[in-house]
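**Student:** 3D, please:
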Amino acid sequence: MATRFGKWVLTRTGRRLAGTLVLTGAAGSFLGYYLPNTIFLSGYKEVTCLYKSGIEVPVSGQVTSLLDEVMNDLGLSQLEKKISVYTAYGFDIFHAGSTMVTSGGILGVPINFKYSSVEEFDPTNVTVNNKPVAWSTAAGESLKQSFVLSKEAKKFVLAREITSLGTAEPFVYGTLSAGAIGMVYTMASSVNTKLDFYAKPRTIRMFFYGVLSIFGYAFWMLLKDMATVNYEANADRTVADLGEKYAIGGLEFYEKILQRNMALYKLMGSEGEKLYTAYGNDQVLLRTKHMPFTLRRDYMKNRVEEYKKEKGEAPSADEDIQTQKFSLDIDSQTQNTLDINPQTQISPNIDTQTLNTPDSDVPTQSSLDVVDVQTQNTSNADKQIQNCTDAGGTQTQNTLGVDTITETSPDVVTQTQTCSCEDTSTQNCAPTVVPVEENVQN
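**Tutor:** I've put the predicted structure just below:
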């Protein structure tokens, strides 16, 4: 029976039926994305809505007011009627559909959007994996704080979701899915015809179809993930362009998301380690389904700094870039003759003192001549302090030493070359090299 069916598939009628089935599968994969985001959008809303005693939890007036402000800022007030807002289950915002079609879209706002302070948060019915949360622990307290967002952060999230609703994202995903199926079938049909695979053993054809299917599935995953990351990046960029307040809100929001995930990473134990990394990103194996939260946070941080630079404000204290400047003022009109030729490389926060001990028997030379002073500010660089005193005909001992190292960068090696004399008699000092390693954390 199997042999007869296999031979029938190789006939012209069988090939046509196979082509029809592939076309049906491609259309079905497209409809799998299209229907839930258009015709069945109301059913999508019912599944993701938050209920209390069998009744939908209404949207708070605060959220409605923020939504009006965001729509005005985006210049999309005319599209507000095409977006159905409701209270979503869980603590993640949700959207589906598209304002590009007549059915519009839905926007599910989590319950924590009505909180303005930690005191308003009610942890009574909040569970993690259907288990009560240890709110008294450090992770529990961090989780509680991550649920409370400022007005700017809430507006950023609403604007980001509304921007996403203005794209054809779900329909693009459906097209990619259908296209991947059609691509695999076309490639298989072409190879069968050109290499006459129909005349070869069935096991070879099955192996070839399997390899080609894996390739098509991997190609579809790659395209879909790339499209998702691109849509998310464009939404962040569009909202950040609205102004500094939106960028600040975005920075706060992604920091709170990372804080929440890190808290869940600890509270959920081994299950949390499967879902999140220690830094708060989603765990990934072969796919990057979403843009990492750390990258989105860093992008918002850069946008905030750009806005501050445009306004001429000084960098904030928590910036990663720290600039320290040192100046050495030399009066060119003052000539003091003392045969000292120091070549100094000074790192930030290193205090140097020059100690001159003149001998009473030696006539005082009235001028001090500093021949070369080269100062370089470097972090994680080699510092060399070289002091040489020419004592020819003098009994004066001059030393240039590093008195205090108040703060150095890690892995900084300081080499000091000094001229030392055993007594105060006239002699020529030969430099000695003493390596000193400092590993001091700021």
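**Student:** output the below-cut-off pLDDT ranges for the stretch 1-150 of the chain.
**Tutor:** 1-3, 5-6, 9 (pLDDT under 70).
**Student:** now the strands for it?
**Tutor:** Under the criterion DSSP state E, counting those that start in this stretch, the stretch 1-150 of the chain contains strands at 51-52, 55-56, 83-87, 94-97, 105-109, 127-128, 131-132.
**Student:** domain ranges for this protein?
**Tutor:** 17-311, 343-438 (automatic domain parsing).
**Student:** just to revisit the earlier point, redo the strands of the stretch 1-150 of the chain as JSON lines? Include mean neighbour count and distance to residue 257.
**Tutor:** C-betas here are computed from N, CA, C, even on glycine. What follows is these, written out as JSON lines (neighbours: other Cβ atoms under 10 Å; distance: least, Cβ to Cβ, whole Å):
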{"stretch": "strand 51-52", "mean neighbour count": "11", "distance to residue 257": "25"}
{"stretch": "strand 55-56", "mean neighbour count": "10", "distance to residue 257": "26"}
{"stretch": "strand 83-87", "mean neighbour count": "18", "distance to residue 257": "19"}
{"stretch": "strand 94-97", "mean neighbour count": "20", "distance to residue 257": "15"}
{"stretch": "strand 105-109", "mean neighbour count": "24", "distance to residue 257": "16"}
{"stretch": "strand 127-128", "mean neighbour count": "12", "distance to residue 257": "16"}
{"stretch": "strand 131-132", "mean neighbour count": "10", "distance to residue 257": "22"}
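**Student:** need these in JSON lines (columns: distance to residue 258).
**Tutor:** JSON lines is the format used below for the strands of the stretch 1-150 of the chain (distance: least, Cβ to Cβ, whole Å):
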{"stretch": "strand 51-52", "distance to residue 258": "30"}
{"stretch": "strand 55-56", "distance to residue 258": "31"}
{"stretch": "strand 83-87", "distance to residue 258": "24"}
{"stretch": "strand 94-97", "distance to residue 258": "20"}
{"stretch": "strand 105-109", "distance to residue 258": "21"}
{"stretch": "strand 127-128", "distance to residue 258": "17"}
{"stretch": "strand 131-132", "distance to residue 258": "23"}
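**Student:** ok, which of those comes nearest residue 213?
**Tutor:** strand 94-97 (29.2 Å; Cβ to Cβ).
**Student:** strand partners of that closest one, parallel vs antiparallel please.
**Tutor:** Here strand 94-97 is paired, per DSSP bridges, with strand 105-109 (antiparallel).
**Student:** alpha carbons of the partner strand, as PDB, please.
**Tutor:** Provided in PDB are the C-alpha atoms of strand 105-109 (Å, rounded to 0.1, in the frame of the first residue of the first chain):
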ATOM      1  CA  GLY A 105      -5.700  47.300  17.300                       C
ATOM      2  CA  ILE A 106      -6.000  46.500  21.000                       C
ATOM      3  CA  LEU A 107      -3.700  47.800  23.800                       C
ATOM      4  CA  GLY A 108      -3.600  45.900  27.100                       C
ATOM      5  CA  VAL A 109      -2.300  48.000  29.900                       C
END
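**Student:** contacts for that strand next, please.
**Tutor:** 37, 41, 44-45, 48-49, 59, 63, 82-89, 93-99, 158, 161-162, 165 (Cβ atoms under 8 Å, 6 or more residues apart in numbering).
**Student:** try 7 Å this time
**Tutor:** 41, 44-45, 48, 59, 63, 82-88, 93-99, 161, 165 (Cβ atoms under 7 Å, 6 or more residues apart in numbering).
**Student:** any idea of the angle that strand forms with strand 83-87?
**Tutor:** Interaxial angle, strand 105-109 versus strand 83-87 (axes from the mean of the first three to the mean of the last three Cα atoms, to 10 degrees): 20 degrees.
**Student:** need the longest helix for this protein.
**Tutor:** The longest helix of the chain (DSSP state H) is helix 202-240.
**Student:** list the helices and strands it packs on?
**Tutor:** If contacts are counted by 3 or more Cβ pairs under 7 Å, 6 or more residues apart in numbering; DSSP states H and E, helix 202-240 sits against helix 151-165, helix 169-194, helix 244-267, helix 293-311.
**Student:** give the buried residues for the third one.
**Tutor:** Using 16 or more other Cβ atoms under 10 Å as the test for burial, helix 244-267 gives 244, 246-267.
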